[in-house]
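>>> Everything below, folded, please.
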Amino acid sequence: MKSYPICFRGVYYIYSYFLSFLMPEENKSMMLAIIAVIVVVVIGAAIFIIAGNNTNSNVSVTPNPAPTSGAVMNDSKTFTLTSQNGSSQDGSIILTESGSTTKVTVTLSNPVATAEPAHIHLGSCPTPGAVKYALTNVINGSSVTNINAKFSDLKALGALAVNIHKSAEDINTYVSCGNLAF
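Model prediction:
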């Protein structure tokens, strides 16, 4: 008998017992090689499947460290702008606090070519009161302005609303308004 690794000896004995009377001797070596390859593939696939289902991974999760003194943490809040006066200009307001300032990002759907003045007003939609902070005009549906106020400053003012006006010439026509609810 030929010398085979121990794991293949059992396969060889089974092969010899069942197939010895069915094949001529010259085809038996080829058949044994095919059976050995099949056994190796099956064992490899079993190991791969078992290793792939291992839920005990070596991945660890480390929480973010607390900020050191002087670090600036950004906090964001998103609010909805609702179209007014048939403008179809809905949108969003994103306030991002960074230190002692807040970035106000206004985005409108259905932008127009005309510059649209924007403000943070005291009061609530649909008819807010006096202007508290002037924002950059909305151009092509977008405006970004930094104001010198933290979220706590804005909250202390009470009801606030972002109001978008049709144009500088038609300042009394509102195209979109959104309440800032802190």
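
>>> for residue 44, helix, strand, or coil?
Using DSSP: H, G, I helix; E, B strand; the rest coil, the structure places residue 44 in helix.

>>> For it, give me its contacts.
Going by Cβ atoms under 8 Å, 6 or more residues apart in numbering, residue 44 touches no other residue. In this view, the C-beta of every residue, glycine as well, is placed from N, C-alpha and C.

>>> any idea how far it lies from residue 38?
Note on residue 44: its distance to residue 38, by Cβ to Cβ, to the nearest Å, is 11 Å.

>>> Kindly report the same for residue 118.
For residue 118, the distance to residue 38 under the criterion Cβ to Cβ works out to 73 Å.

>>> which of these two has more neighbours?
Neighbours per residue, other Cβ atoms under 10 Å: of residue 118 and residue 38, the larger number sits with residue 118, 24 against 11.

>>> does the more buried one sit in a helix, a strand or a coil?
Here residue 118 is recorded as strand under three-state DSSP.

>>> what sits against it?
106, 134-138, 143, 145, 162-165.

>>> Also residue 140?
When the contact criterion is Cβ under 8 Å, 6+ apart, the partners of residue 140 are 111, 113.

>>> Now it. Its backbone dihedrals?
Comment: the main-chain dihedrals of residue 140 come out as phi 50, psi 40, following degrees, to the nearest 10.

>>> That one and residue 170, how far apart?
For residue 140, the distance to residue 170 (Cβ to Cβ) stands at 18 Å.

>>> and what of residue 50?
Residue 50 sits 72 Å away from residue 170, taking Cβ to Cβ as the criterion.

>>> Enumerate every residue touching residue 101.
146-150.

>>> Please report which of those has the highest neighbour count.
Result: residue 149 is most packed of the contacts of residue 101 (other Cβ under 10 Å), 20 neighbours.

>>> That one belongs to a helix?
No - looking at residue 149 with three-state DSSP, it is coil, so not inside a helix.

>>> neighbouring contacts of the biggest strand by length in the chain?
Using DSSP state E, we find that the single longest strand of the chain is strand 74-83. When contacts are defined by Cβ under 8 Å, 6+ apart, strand 74-83 is touched by residues 89-98, 106, 108, 125, 151, 162, 164, 175-182.

>>> Go ahead and build a ChimeraX selection from the buried members of those.
Those of those that meet the burial criterion (16 or more other Cβ atoms under 10 Å) are gathered into one ChimeraX selection, given here:
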select :89,90,91,93,95,96,97,106,108,125,151,162,164,175,176,177,178,179,180
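
>>> end to end, how far does stretch 87-100 reach?
Distance between the boundary residues of stretch 87-100 (Cα to Cα, to the nearest Å) amounts to 34 Å.

>>> what does that stretch contact?
Residues outside stretch 87-100 that contact it (Cβ under 8 Å, 6+ apart) are 72, 74-83, 102-112, 141, 148-151, 154, 162, 164, 166, 175-176, 178, 180.

>>> Good, we can wrap up now.
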